[in-house]
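Enquirer: I'd like to go over a predicted model; first the sequence, then the structure.
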Amino acid sequence: MGPVTNIDPIGNSPVIIKKYLLEKIAPTWMNVSLKMKDDPETDKAFGWVLEMYAYALASALHGVQHILWKDFMLQPPFDMEIRKKFIIHYTYGCDYNMKGELIYGKIGEWRFDKRSYLHGPPPRNLSLPPAGVPESVEHDGEWRLCAVKLGLCTMPSIDFVQSEIDR
């Protein structure tokens, strides 16, 4: 196993990994996650991202290193510009007042947060964000959540999907 000092700063980044490497680190990943979760101070410090960092630790322990692409992923609302990104990761809630100002830590007058839809899909008629939000959320009248909205509008039946989830 490799030294724990060689931890890649991957955080919540998506990882593309070969199956044999994942099979190699998965048991360690699970054990590191459980050890971290069992320690109250560590659990409190890492919170809901604990397993992500346990993956980084387990990878380092096995000498698995990652190629880091700084501009691979867009994370609204904190990435203000789009630049050349390949995926959108809705890690955080997007909460804004009607002036288009970010309201972090509070529920905004306009909101998109994936956690709001834990018990069912978002409605088909999601509203556009207010004027003034950053380019990562809306640009030239085009909502960055358009993939979500398009998916909702083109699904044959959200009710059918929800009934399958509830089964």
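Expert: On my side now, so go ahead.

Enquirer: isn't Pro129 right up against Val137?
Expert: Yes - using Cβ atoms under 8 Å, Pro129 makes contact with Val137 at a distance of 5.4 Å. The C-beta positions use only the backbone N, C-alpha and C, and glycine is treated the same way.

Enquirer: name the helices or strands packed onto the longest helix belonging to the chain?
Expert: Ranked by number of residues, the top helix in the chain under DSSP state H is helix 19-38. On a contact count with 3 or more Cβ pairs under 8 Å, 6 or more residues apart in numbering; DSSP states H and E, helix 19-38 meets helix 40-46, helix 50-61.

Enquirer: for Gly105, which of those helices is the nearest?
Expert: Nearest of those to Gly105, taken as Cβ to Cβ: helix 40-46 at 18.0 Å.

Enquirer: chain center to that closest one, what's the gap?
Expert: 20 Å (Cα atoms, centre = their mean, to the nearest Å).

Enquirer: can you check stretch 99-118 too?
Expert: 15 Å.

Enquirer: about what we covered before: of all the helices and strands packed on helix 19-38, which lies closest to Glu23?
Expert: That would be, of the helices and strands packed on helix 19-38 and by Cβ to Cβ, helix 50-61, which comes in at 12.1 Å.

Enquirer: could you give the average pLDDT over the closest one?
Expert: Across helix 50-61, pLDDT averages out at 92.

Enquirer: in it, which residues are buried?
Expert: Neighbour counts over helix 50-61 (16 or more other Cβ atoms under 10 Å) mark Leu50, Tyr53, Ala54, Tyr55, Ala56, Leu57, Ala58, Ser59, Ala60, Leu61 as buried.

Enquirer: contacts only, for the fourth one.
Expert: I take that to be Tyr55. Ile10, Val15, Ile25, Trp29 (Cβ atoms under 8 Å, 6 or more residues apart in numbering).

Enquirer: reformat these as a markdown table; add distance to Phe112.
Expert: Output for the contacts of Tyr55, formatted as a markdown table (distance: Cβ to Cβ, whole Å):
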| residue | distance to Phe112 |
| --- | --- |
| Ile10 | 25 |
| Val15 | 25 |
| Ile25 | 34 |
| Trp29 | 30 |
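
Enquirer: now do the same end-to-end measure for stretch 53-72.
Expert: Stretch 53-72 has an end-to-end distance of 19 Å (criterion: Cα to Cα, to the nearest Å).

Enquirer: tell me how far that stretch lies from the chain's centre.
Expert: For stretch 53-72 - counting by Cα atoms, centre = their mean - the centre lies 17 Å from the chain centre.
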